[in-house]
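Colleague: need a 3D model of the sequence below.
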Amino acid sequence: MKYTIEAIENAKAGMKWSDIGVQWTLAQAYLYSKDAGNELPNFAEVIWDEDIETILADCRRLGVKEFTISSTFSSLIETIAKFEDLGCTLDGIVRVKERCTHFGSDEHALIPAFKMTVKEA
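Modeller: Just a heads-up that it's a prediction; the model follows:
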């Protein structure tokens with residue numbers, strides 16, 4: 001991983017995300033990429049619009065300057081537009097590793113993802 005989020009790395013079993021101090025969707029993106037072997041946190045699930053401001057605040061606070069979005073949920077274009085409105089840029093499409101390997105293989109398939117860069121506030 002290009003970025004290490006110490007609060008997640010130092011979390012203890014049974015802690016809640018509110019105890020850890022990292023927005024849970026960002027934390028899941030971090031853990032996804034750690035499992036898959038990706039360089040950047042990858043959002044593979046729905047990102048709720050009401051969470052975007054907190055996600056970006058945590059990215060800036062934790063030094064995460066880039067992330068990817070491989071989720072294909074139906075309102076993704078609106079979500080990306082909101083990220084841009086709040087200080088991100090869409091930097092094209094990249095390939096990231098899926099979290100799980102396919103049965104009988106040790107390799108992670110590559111899937112398309114949008115690359116986003118977080119600008120300073």
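
Colleague: count of neighbours near residue 37?
Modeller: The tally of other residues near residue 37 (other C-beta atoms under 10 Å) stands at 11. All C-beta atoms are positioned from the backbone trio N, CA, C, and that covers glycine.

Colleague: so what sits opposite the nearest residue to it once chain neighbours are set aside in the bridge?
Modeller: With C-beta to C-beta, 6 or more residues apart in numbering as the criterion, residue 37 has its nearest non-adjacent residue at 5.6 Å, and that residue is residue 97. Beta-bridge pairing of residue 97 under DSSP bridges involves residue 110.

Colleague: wait, what's in contact with residue 97?
Modeller: If you count contacts by C-beta atoms under 8 Å, 6 or more residues apart in numbering, residue 97 has them with 36-38, 108-111.

Colleague: out of the residues you listed, which is most surrounded?
Modeller: residue 38 (25 neighbours).

Colleague: I figured it hits residue 1, correct?
Modeller: Yes: the criterion here is C-beta atoms under 8 Å, and residue 38 meets it with residue 1 at 7.4 Å.

Colleague: with only the CA atoms kept, save stretch 32-52 in CSV.
Modeller: Only the C-alpha atoms of stretch 32-52 are listed here, as CSV (Å, rounded to 0.1, in the frame of the first residue of the first chain):
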residue,chain,number,x,y,z
TYR,A,32,-10.0,-4.1,0.4
SER,A,33,-6.8,-2.9,-1.1
LYS,A,34,-4.6,-4.3,1.6
ASP,A,35,-6.2,-7.8,1.0
ALA,A,36,-5.9,-7.5,-2.8
GLY,A,37,-2.4,-6.0,-2.9
ASN,A,38,-3.4,-2.7,-4.4
GLU,A,39,-1.4,0.5,-3.9
LEU,A,40,-4.4,2.8,-3.2
PRO,A,41,-7.6,2.4,-1.2
ASN,A,42,-10.3,1.0,-3.5
PHE,A,43,-14.0,1.7,-3.0
ALA,A,44,-15.6,-1.5,-4.3
GLU,A,45,-19.1,-0.9,-2.7
VAL,A,46,-21.6,1.9,-2.6
ILE,A,47,-20.4,5.3,-1.4
TRP,A,48,-23.3,7.2,0.2
ASP,A,49,-23.4,10.9,-0.8
GLU,A,50,-23.8,11.9,2.9
ASP,A,51,-20.5,10.2,3.7
ILE,A,52,-18.4,11.9,1.0
